[in-house]
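Participant: okay, here's the prediction I keep looking at, along with the sequence it came from:
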Amino acid sequence: MRIFPISLLGATVFLVGCVDWPDVPEPEGSVTSDAWPTLQPLSEIGISPTGVNVDQTAFQTLQQRAESLRLRAALLRSPVTDQDSFDRLRARLSQ
């Protein structure tokens with residue numbers, strides 16, 4: 001009784017796998033992989049900005065924030081082995 005539905009499902013999957021899918025050309029103006037921006041490495045965060053309207057104080061604030069986030073990430077990567085080290089970690093993060 002159960003063999004019939006399973007074999008019917010198997011035959012259907014087999015036949016669907018044998019279907020020749022049409023080769024549809026890409027429509028004009030479609031998004032391709034060339035349209036995506038390139039990712040910059042994190043090491044280039046420290047490079048000073050270029051351009052006519054450069055706001056150095058905003059850039060320095062951004063650099064300080066990036067450095068504080070790096071220090072926080074390093075702190076979060078530290079091993080926590082017991083409750084005392086967990087409490088110390090929580091106290092340092094709350095500062």
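Facilitator: That came through, no problem.

Participant: helix or strand right after the lengthiest helix in the chain?
Facilitator: What stands out as the longest helix in the chain, according to DSSP state H, is helix 56-76. Downstream of helix 56-76, the next assigned helix or strand under DSSP states H and E is helix 83-94.

Participant: so how far is that following helix from its chain's centroid?
Facilitator: Averaging C-alpha positions (Cα atoms, centre = their mean, to the nearest Å) puts helix 83-94 29 Å from its chain's average.

Participant: how is the residue nearest the centre of the chain assigned, secondary-structure-wise?
Facilitator: Residue closest to the average C-alpha location in the chain (Cα atoms, centre = their mean): Leu39, at 10.9 Å. Of the three states, Leu39 takes coil under DSSP: H, G, I helix; E, B strand; the rest coil.

Participant: residue ranges with poor pLDDT in this structure?
Facilitator: Along the chain, the parts satisfying pLDDT under 70 run over 1, 29-37, 42-54.

Participant: if we can go back for a sec, tell me what the longest helix of the chain is packed against?
Facilitator: Helix 56-76 is packed against helix 83-94, with contacts defined by 3 or more Cβ pairs under 8 Å, 6 or more residues apart in numbering; DSSP states H and E. All C-beta atoms are positioned from the backbone trio N, CA, C, and that covers glycine.

Participant: hmm, who's touching the helix it packs on?
Facilitator: With contact meaning Cβ atoms under 8 Å, 6 or more residues apart in numbering, helix 83-94 is reached by Arg72, Leu75, Leu76, Ser78, Pro79, Val80.

Participant: can you give me the angle that helix makes with helix 56-76?
Facilitator: 170 degrees (axes from the mean of the first three to the mean of the last three Cα atoms, to 10 degrees).

Participant: tell me the contacts of Asp20?
Facilitator: Applying Cβ under 8 Å, 6+ apart, no residues qualify as near Asp20.

Participant: what about it, which SS state?
Facilitator: coil.

Participant: okay, it and Ala11: tell me how far apart.
Facilitator: 18 Å (Cβ to Cβ, to the nearest Å).

Participant: what do you get for Arg77?
Facilitator: Using Cβ to Cβ, Arg77 is found at 54 Å from Ala11.

Participant: out of those two, which sits in the busier spot?
Facilitator: Regarding Arg77 and Ala11, a neighbour count based on other Cβ atoms under 10 Å identifies Ala11 as having more, with 10 against 7.
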